[in-house]
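Q: Next comes the sequence, and after it the predicted model I'd like to discuss.
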Amino acid sequence: MMLSRGVELPSDVHKKENRSYFVWEYGKVPDLVVEVVSNREGGEDTTKFEAYGEIGIPYYIIQDPYHQLSDETLRVYRREGLSRYQRFDHSGMLPGIDLGVCLWQGLYEDLDGTWLRWTDSAGTIIETGAERADREKEHADHSTERADLQQARADQAQARADRLAEQLRQLGADPEA
């Protein structure tokens, strides 16, 4: 995965010719690359590590969920100097990107696991679109429930007032007077 902030996307990102990221077309290297390790054949901590540093990508993240390359699930590197990456304490923000990363345990797309998540400047996990939609739906459902409860109370109050008015009429009094 590549993150490149401040670039203008083509109008139709679904076209085949728009599905690749070419530095010469976008005018900058990505701000960050994330490699998720699935086996030992991808060169994530050797050839890719060196190549990304050489072309100037500021941050390189290796997520190794099955510990194929090391005992660490997450390694974050920051480019220092001309082409060398140094380990970077990823507990806070990634300077220049205004995002952070963390590992999060939970349910995503009906799969329970440990996931790489973006965080904001306060270290709070940034919601996915689905999570935001679920939260907004839950909020709307609660608002509807509150409105329904208020309507039920109003209906009960009106029914009580109607009963009292009828009792007054039976006693010969005009409830409207």
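A: Cool, the structure landed. Numbers count the residues shown, from 1 in each chain.
Q: C-alpha only now, for contacts and for neighbours.
A: OK.
Q: show me where the chain has strands.
A: Here the chain has its strands, by DSSP state E, at 2-3, 32-36, 59-63, 74-80, 84-87, 93-94, 99-108, 111-119.
Q: remind me, longest helix of the chain?
A: Across the chain, the longest stretch assigned as helix under DSSP state H is helix 129-170.
Q: Tell me which other helices or strands that helix touches.
A: Helices and strands touching helix 129-170, by 3 or more CA pairs under 8 Å, 6 or more residues apart in numbering; DSSP states H and E: there are none.
Q: would you list the strands of the chain in a markdown table and tack on distance to residue 12 and mean neighbour count?
A: Shown next, in a markdown table, are those (distance: least, CA to CA, whole Å; neighbours: other CA atoms under 10 Å):
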| stretch | distance to residue 12 | mean neighbour count |
| --- | --- | --- |
| strand 2-3 | 18 | 14 |
| strand 32-36 | 23 | 18 |
| strand 59-63 | 28 | 23 |
| strand 74-80 | 32 | 18 |
| strand 84-87 | 34 | 16 |
| strand 93-94 | 30 | 19 |
| strand 99-108 | 26 | 15 |
| strand 111-119 | 25 | 14 |
